[in-house]
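Undergrad: sequence and predicted structure below; questions after.
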Amino acid sequence: MSTVGDALAGFAVGVTAARRQEELATLLERRGARVVLAPAIRLVPLADDTGLLEATRACLAAPLDHVVVTTGIGFRAWLETADGWGMRDELVARLGEAAVVTRGPKARGAVRSAGLRERWSPESEGTAEVLRHLLAEGDLRGTRVAVQLYGDRQPELTGALRAAGAEVVEVAVYRWAPADDPTPLHRLVGQAVAGTVDAITFTSAPAVAATLAAAAADGLGEPLLEAMRGPLVAACVGPVTAAELTARGVPTVQPERARLGALVRTLAADLPRRRARRLRVRGLALELRGHAVVLEGQLRPIAPAPMAILRALARRPGHVVSRAELSGALPGRPLRTADAAGTGGAAGGPGLGGAGVLARPQADEHAVEMAVARLRRGLGSPGIVETVVKRGYRLACDPRQSASVPAG
């Protein structure tokens, strides 16, 4: 059970990973997060081993000058499959004759566990740095380079090597495929746009692409990007994973090392700073988190609609916020604007939200009243949300003295 001392208590975090999903979810839950599982992709072995067999035979047919190992799991799977064909020892011997480049620590560990030693490994764990290293090694014309692929082809690497004159053997071990059930991912996209999740974690570039594709299919492509450019935190395990989001102007949170534990630690440090808001209300310490508040040190879960009301009030602490404006803050209730001439009543008159620009049906004001009532019950302390007759609601604090740490 989450406690107020847990860094991620009161926050909801989406997990798009397929492989090691449970490990990542457990790490997040240990820090208090409410985890929303939504696998974006799945990793499946190649249904037909013919291509892998041909690539393995090509590696054995003639000496290799360079071998690029991109992932530990992919390299181990290659050797296990080769063992089934009776080719493992011959393959390991051939790879040992080449200059082995490992893309990261896990790939390096897999290579060493096979009795091999890497020649070089990049600091960034990125294929761009691997390519620069190989191109800097000298003239690649006439050389043979084996590239172990993982889940997706890498034309930016293999194409550039071929352009430099190398013969490239692409060793595809796995492929990415859509998640068996896309419903959780589509649901996560909707929650992200609605603001009911605070962060989404990504552990692979294909997961990012699949999430953006799911959003586009639902007509929420741009709203999702806008959410990630604003309050929603996009946490990526490394720069390769974050590349497409970065290209679209989305800021990302990344650990220094591409590890799940480091990703969670980085998110635990960043998310409260960006999404928590602290106020003094009626002399009480009130902290807003993603789907909960901390009132005088006690964590209190708050439902989405009441939390939306509280966030709208907290944006202008101590000031009156009209029912019409609060109605626009409720999840799933888009604004209905009056016409450009301001018809529908004089300013402040029936059907208009104070300034005469927002028209609201009476049912929406009732929804606000119900949400405020639920908010008061959730807070469990009277007088925090005050009713200002015929005007709206306010947080009971002095706007000049309401120190806060804003976030979202």
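TA: Structure received.

Undergrad: phi and psi next, for residue 132.
TA: phi -60, psi -40 (degrees, to the nearest 10).

Undergrad: what ranges in the stretch 201-350 of the chain fall below the confidence cut-off?
TA: Counting by pLDDT under 70, the stretch 201-350 of the chain contains low-confidence residues at 332-350.

Undergrad: could you pull out the helices for it?
TA: 205-217, 221-229, 239-247, 260-275, 304-314, 323-329 (DSSP state H, counting those that start in this stretch).

Undergrad: try the stretch 51-200 of the chain
TA: In order along the chain, the stretch 51-200 of the chain carries the following helices (DSSP H, counting those that start in this stretch): 72-84, 88-96, 105-113, 127-136, 155-163, 183-194.

Undergrad: ok, which of those helices comes nearest residue 369?
TA: With Cβ to Cβ as the criterion, residue 369 lies closest to helix 183-194 of the helices of the stretch 51-200 of the chain, at 21.0 Å. C-beta here means a position set from N, CA and C on the backbone, and glycine is covered the same way.

Undergrad: going by neighbour count, list what's buried in that closest one.
TA: Within helix 183-194, the residues that count as buried by 16 or more other Cβ atoms under 10 Å are 184, 185, 186, 188, 189, 190, 191, 192, 193.

Undergrad: give me the angle between it and helix 304-314.
TA: Helix 183-194 and helix 304-314 are oriented at 20 degrees to each other (axes from the mean of the first three to the mean of the last three Cα atoms, to 10 degrees).

Undergrad: that older thread, pull the most distant pair out of the buried residues of helix 183-194.
TA: Top of the distance list for the buried residues of helix 183-194 (Cβ to Cβ): 184 and 193, 15.2 Å.

Undergrad: mind listing residues that contact the single longest strand found in the chain?
TA: Of all the segments of type strand in the chain, defined by DSSP state E, the longest one is strand 167-178. Outside strand 167-178, the residues within contact range by Cβ atoms under 8 Å, 6 or more residues apart in numbering are 41-46, 51-52, 55-56, 58-59, 64, 74, 77-78, 81, 142-153, 158, 161-162, 206, 210.

Undergrad: buried subset of these?
TA: Listed as buried from the contacts of strand 167-178 are 41, 43, 52, 55-56, 58-59, 64, 74, 77-78, 81, 143-151, 158, 161, 206, 210; burial here means 16+ other Cβ under 10 Å.

Undergrad: ok, residue 382 - contacts?
TA: residue 376.

Undergrad: look at it and tell me its secondary structure.
TA: Classification of residue 382 by DSSP: H, G, I helix; E, B strand; the rest coil places it in coil.

Undergrad: distance of it from residue 370?
TA: Residue 382 is 18 Å from residue 370, where distance means Cβ to Cβ, to the nearest Å.

Undergrad: with residue 252 instead?
TA: For residue 252, the distance to residue 370 equals 37 Å [Cβ to Cβ].

Undergrad: returning to what we had before: pull the CA atoms of the longest strand of the chain into CSV?
TA: What follows is strand 167-178 as a C-alpha-only set of coordinates in CSV (Å, rounded to 0.1, in the frame of the first residue of the first chain):
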residue,chain,number,x,y,z
GLU,A,167,29.1,-6.6,-47.3
VAL,A,168,26.5,-6.6,-44.6
VAL,A,169,24.9,-9.8,-43.2
GLU,A,170,21.7,-8.9,-41.4
VAL,A,171,20.9,-11.4,-38.6
ALA,A,172,17.2,-11.0,-37.7
VAL,A,173,16.3,-13.0,-34.6
TYR,A,174,13.0,-11.5,-33.5
ARG,A,175,10.4,-9.1,-34.9
TRP,A,176,8.0,-6.6,-33.4
ALA,A,177,4.3,-7.2,-33.7
PRO,A,178,1.2,-5.4,-32.5
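
Undergrad: that one to helix 72-84, inter-axis angle?
TA: Counting by the same axes, to 10 degrees, strand 167-178 lies at 110 degrees to helix 72-84.

Undergrad: which SSE is immediately downstream of the longest helix belonging to the chain?
TA: The single longest helix within the chain, with elements called by DSSP state H, is helix 362-379. Downstream of helix 362-379, the first helix or strand assigned by DSSP states H and E is strand 385-388.

Undergrad: partner strands of that following strand and their direction?
TA: Strand 385-388 pairs in its sheet with strand 392-395 (antiparallel), by DSSP bridges.

Undergrad: now do the strand it pairs with: everything it contacts.
TA: 279, 281, 309, 313-314, 317-323, 325-326, 372, 384-388, 402.

Undergrad: what mean pLDDT does it have?
TA: For strand 392-395, the mean pLDDT works out to 94.

Undergrad: cool, stretch 132-140 as well?
TA: On average, stretch 132-140 scores 93.

Undergrad: buried residues in that stretch?
TA: Neighbour-count burial for stretch 132-140 flags 133, 134, 140 (criterion: 16+ other Cβ under 10 Å).

Undergrad: so what's the first one up against?
TA: Contacts of residue 133 were listed using Cβ under 8 Å, 6+ apart, and they are 101, 120, 122.

Undergrad: how many neighbours does the second one have?
TA: With neighbours defined by other Cβ atoms under 10 Å, the count for residue 120 comes to 14.

Undergrad: endpoints of stretch 314-321, how far apart?
TA: 10 Å (Cα to Cα, to the nearest Å).

Undergrad: buried sites along that stretch?
TA: Neighbour counts over stretch 314-321 (16+ other Cβ under 10 Å) mark 314, 317, 318, 320, 321 as buried.

Undergrad: next up, the contacts around the fourth one.
TA: Think residue 320. Residue 320 sits in contact with 388, 391, 392, 393, 394, where contact means Cβ under 8 Å, 6+ apart.

Undergrad: next one: phi and psi at it?
TA: On the backbone of residue 320 - angles per degrees, to the nearest 10 - the values are phi -80, psi 130.

Undergrad: sorry, back to before: adding distance to residue 25, write the helices of the stretch 201-350 of the chain out as JSON lines.
TA: Shown next, in JSON lines, are the helices of the stretch 201-350 of the chain (distance: least, Cβ to Cβ, whole Å):
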{"stretch": "helix 205-217", "distance to residue 25": "14"}
{"stretch": "helix 221-229", "distance to residue 25": "21"}
{"stretch": "helix 239-247", "distance to residue 25": "18"}
{"stretch": "helix 260-275", "distance to residue 25": "10"}
{"stretch": "helix 304-314", "distance to residue 25": "21"}
{"stretch": "helix 323-329", "distance to residue 25": "30"}
